[in-house]
Structure formats: structure tokens, C-alpha cells
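Participant: when you get a sec, could you give me coordinates for this:
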Amino acid sequence: MAKTGRYNLLGVLVLWAVAVLMFTGMTPRTVELIGKWRQTQGERAQAERELLALQQQERELIEQLQRVQTDLGRESLARQRGWIRKGEEPLRLSP
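Facilitator: Have a look, this model is predicted:
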């Protein structure tokens, strides 16, 4: 029985030694991975904010396109760009 107890004690010590070596060996890598994970989370959040902004811009462009596809919208856009109809004279204001 005495030999079995020594082998058990030796086995437990070996397991603890392996666990300590694995923990100390993996700690820097774990810290690095956690840092990369946090960085990735920040990048993901930034990408989501950019996506929301682009989706809003897309909605505005679609609304603008729908306005411009009407006769009144085309005329309004043309007048904003300084175009006039035949026979109209541009209004000139002196400073």
C-alpha cells in the first residue's frame, strides 16, 4: 500500500507541475488573444456605426431619386442648377 500512495502523490505533483507550466506558458498568449478580441469588438462596433450611416445615406438617396423622377422634381433640380426655360430671363440682382 505504501508504494501506491507514493505513486499517487507523485502523480498529483506531476499533474500540478504540468498544470502550472501550461498556465504560465499560455498566459501571454491568452492575454494577447483577449487584446485582439477587444480590438475586434471595437472594430465591429465601428463597422456597425458606419453601416447605419450608409443605410441612412442610401434611404436619403432613394428619396431624392424618387423626387427627381417626377416632373416637378426634375424642374426643381434643373432650377437649382441654374437652368431656365426658353423665353425666361434670369433675374439678376446687383449688390
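Participant: so what does the longest helix seen in the chain touch, helix or strand wise?
Facilitator: Among all segments of the chain classified by DSSP state H, the helix with the greatest residue count is helix 2-68. With contacts defined as 3 or more CB pairs under 8 Å, 6 or more residues apart in numbering; DSSP states H and E, the packing partners of helix 2-68 are helix 71-80. In this view, the C-beta of every residue, glycine as well, is placed from N, C-alpha and C.
Participant: contacts for the helix it packs on?
Facilitator: Judged by CB atoms under 8 Å, 6 or more residues apart in numbering, the contacts made with helix 71-80 from elsewhere in the structure are 66-68.
Participant: quick one: the most centrally placed residue in the chain from Gly73, how far?
Facilitator: Nearest to the mean C-alpha position of the chain, counting by CA atoms, centre = their mean, stands Ala47 at 1.4 Å. From Ala47 across to Gly73, the span is 34 Å (CB to CB, to the nearest Å).
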